[in-house]
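> Need a 3D model of the sequence below.
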Amino acid sequence: MFLFQPFIWLTLGGLMRLFSFGRWTVPVADWLVPLFLLRFTRGVEPMVGALVVWLVLWIAISISNRGILHVPGAAYYAVSAIIAVSFTLPYLDDRLIVPHLPGFLGTLVFPLA
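From the prediction side, this is the model:
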């Protein structure tokens, strides 16, 4: 159970991201996504966590923004990938910087990123 626990957080974060913006918007989901994804990224290796979070966000963005982002063909997926990168960088920043900061300062990294 403990081995798969980080992926439970990832799954919850990915599902919430589907409903946090785009076609189906539930405002509370946008507040819960960082909670679940931060929990996931803090439980795995930094680069693995960033790549997996990027993949999950890219899939969620591609699904939830279909018909909203008016970009033709394969360029739609490229635009979705770029948006996913911009959403993933704060999680990577948090994972790389927080271990080097004392107590309260570590809590400011993600909001500032």
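
> Now stretch 79-92: buried residues?
Neighbour counts over stretch 79-92 (16 or more other CB atoms under 10 Å) mark 80, 83-84, 87-88, 90-92 as buried. Quick note: C-beta positions are derived from backbone N, CA and C, even for glycine.

> all helices of the chain, in order?
5-18, 27-41, 46-64, 75-97, 103-106, 109-112 (DSSP state H).

> for the last one, packing partners?
Counting contacts by 3 or more CB pairs under 8 Å, 6 or more residues apart in numbering; DSSP states H and E, helix 109-112 is packed against helix 75-97.

> Could you export the helix it packs on as CSV, CA atoms only?
This file holds the C-alpha atoms of helix 75-97, laid out as CSV (Å, rounded to 0.1, in the frame of the first residue of the first chain):
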residue,chain,number,x,y,z
ALA,A,75,-0.2,22.0,-32.9
TYR,A,76,-3.0,21.7,-30.3
TYR,A,77,-1.0,19.0,-28.4
ALA,A,78,2.2,21.1,-28.7
VAL,A,79,0.4,24.1,-27.1
SER,A,80,-1.1,21.8,-24.4
ALA,A,81,2.4,20.5,-23.7
ILE,A,82,3.8,24.1,-23.3
ILE,A,83,1.0,25.0,-20.9
ALA,A,84,1.7,21.8,-19.0
VAL,A,85,5.4,22.8,-18.7
SER,A,86,4.4,26.1,-17.2
PHE,A,87,2.2,24.4,-14.7
THR,A,88,4.9,21.8,-13.8
LEU,A,89,7.7,24.2,-13.1
PRO,A,90,6.5,25.3,-9.7
TYR,A,91,6.3,21.7,-8.5
LEU,A,92,9.9,21.1,-9.6
ASP,A,93,11.0,24.4,-8.0
ASP,A,94,9.4,23.3,-4.8
ARG,A,95,11.0,19.9,-4.8
LEU,A,96,14.5,21.2,-5.5
ILE,A,97,14.5,24.3,-3.3
